[in-house]
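Undergrad: 3D model of this:
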Amino acid sequence: MEITISQSLKNVVPDFKIGVIEYSNIVVADSPQMVKGRLQLFQENIFFDLDEKDVSAYEGLREWKAVFNKVGTDPNRYRPSVEALYRRIKKQNYITTIHSAADVNNFFSLQYEVPIGIYDTDKLHGEFIEIGIGSTTDEYEGINGRIMSMEKKIISSDAEGAFGSPIVDSARTSVTTSTKNALQLIYLKPSMSNSEGLELIQSLKNMFVQIHGGSANARVID
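TA: Reported below is the predicted structural model:
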């Protein structure tokens, strides 16, 4: 699958880069206890950490708020998904297990302070995906059930239109326990080097394949 970053996005965020992992022949199911336990323990550690510092103290969260400002998204109204997770934990509203793919996504998102999206490849249209900035006509139903206007927000688009963002992903391309092939987009911190980004996504890829089986390839696009 060919994935590119639009010139309009690169113009406002020159260091924008994204990690891409494509999975084939995976099995998504209830998370193993190891994943559930690590996710719960990590959230508890973050909760106690947030007792002594504010969400804004986390470098990754600060960087993504700055990116949102650059593209025209109000980061106080539409938060990066990773910041939304941290704010939930601060209220001790811990993220519950969903299924193995979502749980691994949430764990790595929390650990590396970056938004991560995962999509069912068989629900995507065409062989070309662009990461860009949404226009007035871009919208979709999010996995939260709400219709999201994607104007002035970072979006991922296929031949049918927008399907993902670092805010909330679409219901149209959501991963379920029936998913066999998936695409993962890791919204790397702009300050990261390509080699640092590749190290992160290789770690994610290895854990994901260990849990879900199948095969995968990973790369950084800048």
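Undergrad: Kindly check the end-to-end length of stretch 151-161 for me.
TA: 13 Å (Cα to Cα, to the nearest Å).
Undergrad: ok, now stretch 114-122?
TA: Using Cα to Cα, one end of stretch 114-122 lies 25 Å from the other.
Undergrad: so where do the helices sit in this protein?
TA: Applying DSSP state H to the chain gives helices spanning 7-12, 33-50, 59-71, 81-90, 100-112, 194-212.
Undergrad: closest to Phe163 out of the ones you listed?
TA: helix 81-90 (14.6 Å; Cβ to Cβ). No exception for glycine: its C-beta is placed from N, CA and C like everyone else's.
Undergrad: who's in contact with that closest one?
TA: With contacts defined as Cβ atoms under 8 Å, 6 or more residues apart in numbering, helix 81-90 is touched by 43, 46-47, 50, 55, 58, 60-61, 64-65, 75, 79, 94-95, 106, 109-110, 113-117, 166-168.
Undergrad: buried stuff in it?
TA: Ser81, Val82, Glu83, Leu85, Tyr86, Ile89 (16 or more other Cβ atoms under 10 Å).
Undergrad: Then stretch 91-100?
TA: Ile95, Ser100.
Undergrad: oh, and call the first residue 50 from now on, that's how I've got it
TA: I'll keep to 50 as the first residue from here, and by that count the last item is stretch 140-149.
Undergrad: Report the mean confidence score over that stretch.
TA: Stretch 140-149 carries an average pLDDT of 94.
Undergrad: so how far is that stretch off the chain centroid?
TA: How far stretch 140-149 lies from its chain's middle: 16 Å, per Cα atoms, centre = their mean, to the nearest Å.
Undergrad: which residue is nearest the centroid of this structure?
TA: Ile165 (1.4 Å; Cα atoms, centre = their mean).
Undergrad: Surely Phe257 touches Ala265?
TA: Yes: if you go by Cβ atoms under 8 Å, Phe257 and Ala265 touch, sitting 6.9 Å apart.
Undergrad: So which of these two has more stuff around it?
TA: Under the neighbour definition other Cβ atoms under 10 Å, Phe257 and Ala265 were set side by side, and Phe257 has more, 25 against 20.
Undergrad: Look up how far Phe91 lies from the closest residue to the more buried one other than its chain neighbours.
TA: Spatial nearest neighbour of Phe257, excluding adjacent residues (Cβ to Cβ, 6 or more residues apart in numbering): Val153 at 5.5 Å. To Phe91, Val153 is 12 Å away according to Cβ to Cβ, to the nearest Å.
Undergrad: what about those two, which has more around it?
TA: Taking neighbours as other Cβ under 10 Å, Val153 and Phe91 compare with Val153 leading, 24 against 16.
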